[in-house]
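Trainee: Task: produce atomic coordinates for the following.
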Amino acid sequence: MNNDMTDSERRLRDAMQQGQSEAEAGRVPDFDTTWAAAEAAAQRGRRRITALGSLAASLALIAVVVVSQMRPAEIDWQFVDPDDFANNTSWVAPSDVLLPEHQFDIYRDIPVLIESTGSEEGALL
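Mentor: Numbers count the residues shown, from 1 in each chain. As a prediction, the model looks like this:
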């Protein structure tokens, strides 16, 4: 504690501690009571989460059963004849239209490059 306190400060501190302990008398439970209440609250929370999880799982199972009963078995090929689909289709690469038109073959037709300076005059800086 601080030894620099005056007598009036010590009396005020003691009076506040006594008043606080009188105000809290009987209102503050002991540790065992508080611990038991916390364990009971945690147990209730676990039961609630377990109940909600089992409810959600049962609702999901019911939804799967209902949806599987409503869906006809042959819906995949209902509007498409698989033979027509397999025999009458062709594939074209989607990038063919992006290729440039053939202008020259770089390996056979070397284009003429325009020189900017004569070779005997040195490099252009």
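
Trainee: hey, let's count contacts and neighbours off CA atoms from now on
Mentor: OK.

Trainee: A60: which element?
Mentor: A60 is located in helix 31-70, with elements delineated by DSSP states H and E.

Trainee: quick one: that helix to chain centroid distance?
Mentor: 24 Å (Cα atoms, centre = their mean, to the nearest Å).

Trainee: what does stretch 84-103 give?
Mentor: Put simply, stretch 84-103 sits 39 Å off its chain's centre (Cα atoms, centre = their mean).

Trainee: picking up where we left off before, tell me the average confidence for the helix holding A60?
Mentor: On average, the pLDDT along helix 31-70 is 93.

Trainee: likewise stretch 93-106?
Mentor: For stretch 93-106, the mean per-residue pLDDT is 69.

Trainee: contact partners of stretch 57-72?
Mentor: The contact list for stretch 57-72 (Cα atoms under 8 Å, 6 or more residues apart in numbering) is empty.

Trainee: Would you mind writing the CA trace of that stretch as PDB?
Mentor: The C-alpha coordinates for stretch 57-72 follow below in PDB (Å, rounded to 0.1, in the frame of the first residue of the first chain):
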ATOM      1  CA  ALA A  57     -30.100 -33.700 -40.000                       C
ATOM      2  CA  SER A  58     -33.600 -35.200 -40.000                       C
ATOM      3  CA  LEU A  59     -35.000 -32.300 -42.000                       C
ATOM      4  CA  ALA A  60     -32.200 -32.700 -44.600                       C
ATOM      5  CA  LEU A  61     -32.900 -36.400 -44.800                       C
ATOM      6  CA  ILE A  62     -36.600 -35.800 -45.300                       C
ATOM      7  CA  ALA A  63     -35.800 -33.200 -48.000                       C
ATOM      8  CA  VAL A  64     -33.600 -35.700 -49.900                       C
ATOM      9  CA  VAL A  65     -36.300 -38.400 -49.700                       C
ATOM     10  CA  VAL A  66     -39.000 -36.000 -50.900                       C
ATOM     11  CA  VAL A  67     -36.900 -34.700 -53.800                       C
ATOM     12  CA  SER A  68     -35.800 -38.100 -54.900                       C
ATOM     13  CA  GLN A  69     -39.400 -39.300 -55.000                       C
ATOM     14  CA  MET A  70     -40.600 -36.300 -57.100                       C
ATOM     15  CA  ARG A  71     -37.900 -36.600 -59.800                       C
ATOM     16  CA  PRO A  72     -38.700 -38.900 -62.700                       C
END
